[in-house]
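give me coordinates for this.
(one chain, ligands or ions: 2)
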Amino acid sequence: MTATKKLYVKTYGCQMNVYDSERMAEALGAQGYEQVDTPEAADMILLNTCHIREKAAEKVYSELGRLKPLRAAKPDLKIGVAGCVAQAEGEEIMRRQPMVDLVVGPQTYHRLPAMMEALERGGKALDTDFPEEDKFAHLPRDRRATRGPTAFLTVQEGCDKFCSFCVVPYTRGAEVSRPVERLLGEARDLVERGVREITLLGQNVNAYHGAGPGGDEWGLARLIRTMADIDGLARIRFTTSHPNDMDDDLIAAHGDCDKLMPYLHLPVQAGSDRILKAMNRKHTAAGYIRLIERIRAARPDLALSGDFIVGFPGETEADFQATLDLVEAVGYSSAFSFKYSPRPGTPAAERAQVDPAEADDRLQRLQALLTRQQRAAQDAMVGRTVNVLFEKAGRMPGQIVGKSEYLHAVHAKGDAGLLGRIAPVRIVESGPNSLGGVLA
Ligand code: SAM
Ligand code: SF4
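Ligands and ions are numbered 1, 2, ... in the order given. Alright, predicted model coming up:
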């Protein structure tokens, strides 16, 4: 089919949304839509939304407000809202913004082609079901789509953990793992299209328990080890994990699977056992530290990343100090930290909240410590040689940029012919967010 219509997709939130946007764009590609970089150039605009923190829905409504003049000038323009805000708000979106033509929740993207047909006939479409089938298996692939050297691959969705602050179990639904053979097929297809590094995704990725080819259940480590046999695939990563799902095989894989990169994102959220209990995390601070010791015994050079929430309901200064102590004890090479944001419908939203000024102050103190650790970890790379997968041209002429095994952004002077290839780079400088090096 010739591409006559133009699609603009704006993605908010996590990497799983990036993967979903890619798959939706490919599915619409099969229907004759070609992606463009600006909303002005589009015949269809799709906002793939995130509901994880504060004012997510309001942000989407203000974005829709900004699109109003565009729609007024181009009455045939179609506007769709996908993702977790679509799931949470449903019909309300069309009620508040009648110009919206399509609302689709994260579990029904495979119905998008049929929904688009309804739009072509001049109708509207809304679907926020939680159907049983694997949406990705039913989403058409556009095999002509070109690929960079890195790709995401969603292997697991949803979550059954119900941390008391988190909206994911409500917007993404129960935990579901995709079958092994489908994932291996998708991985082979990505590699044939030039991908060298695959990041396996899931809201709780290490809870993966997909059906194997013989009908038995596979864990994430077995999936990774088998995927590592694919010729041409050089690197595997996975994110995001829960400490309680780091089983022995996955810990061992960090030591004995060469293609599994020495980087792990393992959120702990807080350092106080009282707060961890109130968060329904079902692990303690000491348990987390012991786990990190075991993973580091398997892979001593592991770069560790994490997520933290400050100002959770009931958090005292002493509880917060326990978070700082844990960060000092563990040592992170990067981390994400957030001020607690009450999510409607989650248990913690009903509890007495911490004074916002106090929470801001704690966030700043935590971020100062995490930034110091991140800088120290980066500075320690100077003088070392790392392998970099080059992904794109840099901002400076003649510069190319990519990622080290440890997920550091690295730039170097080099030929564009190196894009998509892995080359050794000697690190000579450490900047705030990236490392500079020379090809070794
Ligand atoms: N499954 C992962 C885990 O168990 O850690 C996290 C997935 S969640 C999409 C990403 C991060 O967002 C969480 O680790 C948490 O730090 C943060 N987050 C989730 N809900 C939040 C809330 N209500 N307020 C602030 N941060 C939140
Ligand atoms: Fe949310 Fe992660 Fe907790 Fe699941 S394990 S409820 S995704 S924070």
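
tell me what the helix ranked longest in the chain is packed against?
The residue-count maximum for a helix in the chain (DSSP state H) belongs to helix 356-379. For helix 356-379, the packing partners by 3 or more CB pairs under 8 Å, 6 or more residues apart in numbering; DSSP states H and E come out as strand 303-310, helix 317-330, strand 334-339, strand 422-430. Glycine gets a C-beta too; all of them are placed from N, C-alpha and C.

and the contacts of the last one?
The one in question is strand 422-430. In this structure, residues lying in contact with strand 422-430 by CB atoms under 8 Å, 6 or more residues apart in numbering are 196, 234-235, 375, 378-379, 381-390, 404, 410, 412, 414, 435-440.

can you say which of those residues are buried?
Neighbour-count burial within the contacts of strand 422-430 applies to 196, 234-235, 378, 381, 386-390, 404, 410, 412, 414, 435-437; the criterion is 16 or more other CB atoms under 10 Å.

report the beta-bridge partner residues of whichever residue of the stretch 301-440 of the chain sits closest to ligand 1.
Distances from the stretch 301-440 of the chain to ligand 1, computed as CB to the nearest ligand atom, single out residue 307 as the nearest residue at 3.3 Å. With DSSP bridges as the criterion, residue 307 is bridged to residue 336.

give the contact list for it.
Residues in contact with residue 307, defined by CB under 8 Å, 6+ apart, are 240, 265, 267, 268, 269, 335, 336, 337, 338.

for ligand 2, what are the nearby residues on the stretch 51-200 of the chain?
159, 161, 162, 163, 166, 168, 169 (CB under 6 Å from any ligand atom).

any chance of these in TSV, plus distance to residue 324?
Rendered in TSV, the data for these read as follows (distance: CB to CB, whole Å):
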residue	distance to residue 324
159	28
161	25
162	27
163	21
166	23
168	27
169	29
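
buried subset of the residues you listed as a PyMOL selection?
Below is the selection syntax for PyMOL that covers the buried ones among these, with 16+ other CB under 10 Å defining burial:
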select buried, resi 159+161+163+166+168+169
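
about what we covered before: in strands, which of the contacts of strand 422-430 fall?
Of the contacts of strand 422-430, the ones assigned to strands by DSSP state E are 235, 385-390, 410, 412, 435-439.

return the closest of the residues you listed with respect to ligand 2.
Nearest member of those to ligand 2, counting by CB to the nearest ligand atom, is residue 235, at 24.4 Å.

show me what contacts the residue lying closest to that closest one once chain neighbours are set aside?
Spatial nearest neighbour of residue 235, chain neighbours left out: residue 197 (3.9 Å); criterion: CB to CB, 6 or more residues apart in numbering. Residue 197 makes contact with 149, 150, 151, 233, 234, 235, 236, 237, 261, 389, 403, according to CB under 8 Å, 6+ apart.

farthest pair within the residues you listed?
For the contacts of residue 197, the maximum inter-member distance is 15.3 Å, found between 233 and 403 (CB to CB).

more crowded one of the two?
residue 403 (24 against 18; other CB atoms under 10 Å).

confirm for me that that one is in contact with residue 392.
No - in this structure, residue 403 sits apart from residue 392 without contact. The criterion is CB atoms under 8 Å, and the distance is 10.8 Å.

which residues in this structure form helices?
Listed in chain order, the helices of the chain (DSSP H) span residues 15-29, 56-73, 84-89, 91-96, 112-120, 168-171, 180-192, 220-227, 248-256, 273-278, 285-298, 317-330, 356-379.

quick one: the third one near ligand 1?
Same thing as helix 84-89. No - counting by CB under 6 Å from any ligand atom, ligand 1 is not contacted by helix 84-89; separation bottoms out at 9.4 Å.

alpha carbons of that helix, in PDB - could you do that?
Taking Å, rounded to 0.1, in the frame of the first residue of the first chain, the C-alpha atoms of helix 84-89 are listed here in PDB:
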ATOM      1  CA  CYS A  84      -2.600   4.600  30.700                       C
ATOM      2  CA  VAL A  85      -4.500   7.900  30.900                       C
ATOM      3  CA  ALA A  86      -6.800   6.600  28.200                       C
ATOM      4  CA  GLN A  87      -7.300   3.500  30.400                       C
ATOM      5  CA  ALA A  88      -7.900   5.500  33.500                       C
ATOM      6  CA  GLU A  89     -10.100   8.300  32.000                       C
END
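
just checking, what packs against that helix?
For helix 84-89, the packing partners by 3+ CB pairs under 8 Å, 6+ apart are strand 44-49, helix 56-73, strand 102-104, helix 168-171.

counting contacts, what elements does the longest one pack onto?
Put plainly, it is helix 56-73. Helix 56-73 packs on strand 44-49, strand 78-83, helix 84-89, going by 3+ CB pairs under 8 Å, 6+ apart.

flag the shaky bits of the stretch 51-200 of the chain, pLDDT-wise.
In the prediction, the stretch 51-200 of the chain carries residues with pLDDT under 70 at positions 140-146.

if we can go back for a sec, which one of the ones in strands among the contacts of strand 422-430 sits closest to residue 368?
Residue 368 has its nearest neighbour among the ones in strands among the contacts of strand 422-430 in residue 435, at 21.4 Å by CB to CB.

so in terms of bridging, what pairs with that closest one?
Under the criterion DSSP bridges, residue 435 forms beta bridges with residue 410, residue 430.

go ahead and confirm it touches residue 412.
No - when contacts are counted by CB under 8 Å, residue 435 is not listed as touching residue 412 (9.2 Å).

how much space between the residue of the stretch 301-440 of the chain found nearest ligand 2 and residue 253?
Scanning the stretch 301-440 of the chain for the residue nearest ligand 2 gives residue 307, at 8.0 Å (criterion: CB to the nearest ligand atom). Noted for residue 307: a distance of 22 Å to residue 253, by CB to CB, to the nearest Å.

ditto for residue 391
Computed with CB to CB, the distance linking residue 391 and residue 253 is 25 Å.

looking at those two, which one has more neighbours?
Here residue 391 and residue 253 are set side by side on neighbour count (other CB under 10 Å), and the busier one is residue 253, at 24 against 17.

find the nearest non-adjacent residue to the more buried one, please.
Using CB to CB, 6+ apart, the nearest residue to residue 253 is residue 221, at 4.5 Å.

cheers, nothing more for now.
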